[in-house]
Structure formats: C-alpha cells, structure tokens
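Participant: from the sequence below, what's the structure:
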Amino acid sequence: MNGSVRFCEGENPENMAKNKTTYRRGILDVIMAHRKIIMPLILIIGVAATVLVSLYLNRRAEEAETAAANVNTASTLSTEVTVPETGMAQSTDEEINALIRQYYEARANGDVETLSAIVEGMTETNRLYHQELSRFIETYDVQEIYLLPGQDENSFIAYVVEPFRFYDNETPVPSMESLYIRRSADGAYRIYAGDLDAEITAAISASNMTPDVIDLNNKVNAEFNALMENSPELSELLSAVHKSVNDAVASVLAVEANETAQQEEAEREAQRAEEIANSEYLRAKGVINVRSSATIENDANIIGQTEEGKAYRRISIEEGGWSRIEYEEGTEAFVMVTEEYFELIPAGQYDPEEENKPKEMTTGEHIMNTLCNIREEMTTDSESLGLTAAGAPVEVLEVMEGGEWCKIEYNGITGYVMTQYID
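Facilitator: Numbering: from 1, shown residues only. Predicted coordinates:
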C-alpha cells in the first residue's frame with residue numbers, strides 16, 4: 001500500500017538529537033539502486049490491514065507470519081467476517097485525535113519514553129526502531145483520522161493519513177497507518193501493539209474490507225506510486241534509509257545479546273563459586289566405579305569411573321556410605337566413600353585454580369601426602385605397580401614434562417605418581 005519509515009529505541013533522546021545531523025549528512029552517500037518500492041500501509045497493531053512491502057517490512061516481519069492480512073485479498077480472511085455497512089467519517093473525538101498526534105510527534109522526536117507511556121505492548125525492538133528512524137524523518141503531518149468501531153464499545157480502529165518528510169528533503173511521502181486504540185484500565189485511551197485475540201483480529205479484518213477503507217488505501221497508494229515514479233532519487237533514499245536503520249538496529253541488538261550472554265555467564269560463574277565455597281569435595285585416590293544409583297547389587301548402573309587425583313563436588317551424603325557427587329557438569333552420580341578410596345576436602349578449602357595448577361617439584365627425597373598408586377606409565381589407566389602410604393618417604397627421580405607427573409622410587413618400586421600427592 002503506501003510508504004513510510006518507522007522504527008524504535010537505542011540511545012536516549014538527547015544523544016539521538018545530537019547525532020541526527022551526522023546521520024542525515026551521510027545517508028545520500030550510501031543510497032542503493034532500489035527503484036521499485038511498493039508503498040506500505042504501516043501497522044502499529046500487530047494485526048495488519050494490508051500486506052506491507054516497504055521500509056517497515058522488516059520491522060513487522062516477526063508479527064507478519066501470524067498477523068498480516070491483505071486488504072485487497074479477501075481470500076486471506078475468514079469466511080465468517082461480516083463487513084460493516086457503516087461508512088467511516090473523520091474523527092471528532094478530541095481525546096483520540098490528541099493521542100494520535102502525540103504519538104506521531106513522539107515518533108518524529110524519537111521520544112521512546114512518551115511512546116512507552118501511550119502505546120501498550122511495545123517491545124524493546126520496537127522502541128529501538130522508532131529511535132533509529134527518527135534520525136531521518138523530521139515530521140509526520142497528520143492530515144486525516146478515520147475511526148471505525150473495534151471489538152467492543154471501548155475500542156476503535158483508526159486509519160490515519162500521515163505523510164512524512166525526511167530531513168533535507170521538502171517532498172512529503174504519502175503514508176497511511178492503521179492503529180488499534182482502546183481504553184485502558186485507568187480510563188485513558190492508548191494505542192495497542194500487543195498480541196490480539198481472535199475476536200479483535202476478526203473485527204480488524206472486517207474493517208479492512210469496508211469499501212471506504214479500500215478506497216482510502218487505493219488513493220494513498222496511487223499517490224505514493226506516482227511520487228516514486230517521478231522521484232527516483234526519493235525512491236532510492238527510502239531504500240537506503242531502510243537498509244541503514246535495519247543495520248543499525250541489528251548492530252545494537254547484537255551488542256545487547258552479547259552483553260546479556262556475558263551477564264548470564266558471570267551469574268553462572270558466581271553461582272559456581274558459591275557452590276564451591278559451600279561444598280565438600282572428594283578427591284579420588286584411584287579409579288573408582290561411578291554409579292547411577294546407590295547400590296552395588298549389579299554392574300548395570302555403572303556409568304563411568306573416577307579419575308585418580310581429581311576432586312568431585314559432594315552434593316549430599318546418602319545412606320550406607322554412599323555420596324551423591326557431581327560427576328560431570330550437569331551429571332549427578334553415586335560413589336561409595338571410604339578413606340581408602342577418597343580424601344575429604346572440607347567446605348571452603350577447595351580451590352579450582354590451585355587444583356589445575358601444576359605443582360612445583362624438585363628431585364630428591366619427599367613425603368607422600370596420601371595413599372597413592374604407583375603407575376607403570378603416566379596415566380591413571382595404566383597398571384598399578386604398588387601403593388605408597390600416606391607420610392611415606394619417596395625418592396623423586398625425575399619431574400616429568402608439564403609437571404603433572406613425577407618418576408619416583410619407593411620400596412624398590414620405580415614408577416610414576418601424580419605430583420599433587422607429593423609434598
């Protein structure tokens with residue numbers, strides 16, 4: 001139908017006003033060769049009167065799949081729609097007229113605070129689009145306001161003829177919008193942009209099919225098409241503004257999404273730190289079976305094995321010597337806890353950074369700090385050659401590359417132990 005450009009939020013109105021001149025100066029330099037533009041009927045309500053192909057197409061894409069209906073294609077509407085016989089006349093309701101004029105003035109100024117106060121159901125994306133677009137559109141000239149009854153006596157469907165004008169361009173662009181207006185709980189009229197139920201959708205669809213609305217739509221559409229045909233530069237400007245605003249909005253949304261992701265990650269890290277501070281940990285002294293249930297009646301419930309030297313967060317102490325642990329991130333499991341199998345790390349004493357930090361070690365005589373397997377190779381899966389006792393003296397023959405393992409001699413056995421078990 002007819003053309004127009006609208007969008008919403010980003011920075012505050014003061015900063016926006018300072019940047020308008022810069023944006024206007026650069027826009028003609030990025031004009032693209034899009035000469036064929038169909039003027040849209042812009043909808044603020046979420047249930048459209050017309051399928052809109054124009055600068056607002058992207059702004060309403062998310063609602064269009066479920067809300068748009070073509071005023072010129074009756075087959076897209078329910079067969080149960082009853083077209084009102086009453087013709088429409090220009091509005092004489094000063095309260096509604098004032099609301100509509102305030103709405104367009106706020107859009108031109110990028111005043112998202114006012115828009116949020118007079119429009120129900122606005123999203124952050126809507127506000128961002130309005131604010132970004134206000135950098136390019138200087139004024140909306142509200143020339144005609146027509147009202148048709150809404151779903152009930154406290155609601156109306158307004159058809160507004162409001163040609164707009166770009167900065168540094170005196171040519172008004174024909175435009176028309178459909179607004180759903182209803183009285184709020186506080187008694188004031190507001191423009192509604194939220195989700196609409198089936199009854200409201202049916203009422204809007206019926207109004208869109210009245211001869212007067214179709215005639216008005218065709219009239220404004222003809223004016224827009226004639227202007228685009230005779231002013232290719234303006235047509236290109238519309239296309240360039242469309243791309244510029246969409247790119248700006250996408251950039252802001254991407255930054256906000258990244259900030260949200262970072263905040264969520266920070267919250268997860270804080271929660272994890274709190275869990276660590278308030279939890280006991282169990283350090284495995286060897287390879288121990290990890291089970292899905294607290295029973296050893298059969299091996300069907302074995303889901304894995306502990307890694308020697310690794311500490312596992314204890315979630316709870318169960319009956320029969322079992323403990324529920326955090327086996328892998330997001331996975332809970334059960335282990336049989338004895339002094340032979342696990343070393344208890346009291347709450348508040350587990351430091352994940354220190355755990356993962358290689359221990360500085362030198363060759364020579366040292367003391368074992370726990371019962372530990374002497375491995376044939378530098379892996380907890382290799383064969384155990386024997387055990388060292390807690391407090392037993394050992395000879396460190398070599399600190400292996402990376403510092404995680406040491407080659408030791410103990411009671412005539414030469415093999416490998418993890419550095420963290422040596423003091």
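Participant: pick out the residue closest to the middle of the chain.
Facilitator: Centre of the chain computed as the mean C-alpha position; nearest residue by Cα atoms, centre = their mean is residue 257, 5.3 Å away.
Participant: element containing that residue, please.
Facilitator: helix 232-278 (DSSP states H and E).
Participant: what are the ranges of the strands in the stretch 51-200 of the chain?
Facilitator: For the stretch 51-200 of the chain, applying DSSP state E, counting those that start in this stretch gives strands covering 89-90, 119-120, 137-140, 144-149, 155-161, 164-166, 176-183, 189-192.
Participant: wait, residue 88 sits on residue 148?
Facilitator: Yes. With contact defined as Cβ atoms under 8 Å, residue 88 and residue 148 form a contacting pair (5.3 Å). Quick note: C-beta positions are derived from backbone N, CA and C, even for glycine.
Participant: would you confirm that residue 101 contacts residue 141?
Facilitator: No. With contact defined as Cβ under 8 Å, residue 101 does not reach residue 141; the gap is 10.3 Å.
Participant: ok, now how distant is the spatially closest residue to residue 337 that is not a sequence neighbour from residue 290?
Facilitator: Nearest residue to residue 337 in three dimensions, chain neighbours excluded: residue 323, at 4.7 Å (Cβ to Cβ, 6 or more residues apart in numbering). Here the criterion is Cβ to Cβ, to the nearest Å. By it, residue 323 lies 11 Å from residue 290.
Participant: point out where the stretch 101-250 of the chain drops to low pLDDT.
Facilitator: Counting by pLDDT under 70, the stretch 101-250 of the chain has no low-confidence residues at all.
Participant: likewise for the stretch 251-400 of the chain?
Facilitator: For the stretch 251-400 of the chain, the stretches with pLDDT under 70 are 355-359.
Participant: go again using 50 as the cut-off
Facilitator: For the stretch 251-400 of the chain, no stretch is flagged by pLDDT under 50.
Participant: distance check, the nearest residue to residue 248 once chain neighbours are set aside against residue 201.
Facilitator: Excluding the flanking residues, the one nearest residue 248 by Cβ to Cβ, 6+ apart is residue 132, at 5.0 Å. To residue 201, residue 132 is 29 Å away according to Cβ to Cβ.
Participant: between these two, tell me which one has more neighbours.
Facilitator: residue 132 (27 against 22; other Cβ atoms under 10 Å).
Participant: that one touches residue 249, doesn't it?
Facilitator: Yes. Using Cβ under 8 Å, residue 132 is in contact with residue 249, at 5.7 Å.
Participant: domain assignment for the chain?
Facilitator: By the record's domain assignment, the chain is partitioned as 13-258, 281-353, 358-421 (automatic domain parsing).
Participant: what helix or strand does residue 378 sit in?
Facilitator: Under the criterion of DSSP H and E, residue 378 resides outside all helices and strands.
Participant: beta partners for the residue nearest to it when sequence neighbours are not counted?
Facilitator: Computed as Cβ to Cβ, 6+ apart, the closest residue to residue 378 that is not its neighbour in sequence is residue 405, at 4.4 Å. The residues listed as beta-bridge partners of residue 405 by DSSP bridges are residue 418.
Participant: residue 405 and residue 377 touch, don't they?
Facilitator: No. Here residue 405 does not reach residue 377: they are 9.3 Å apart, not a contact under Cβ under 8 Å.
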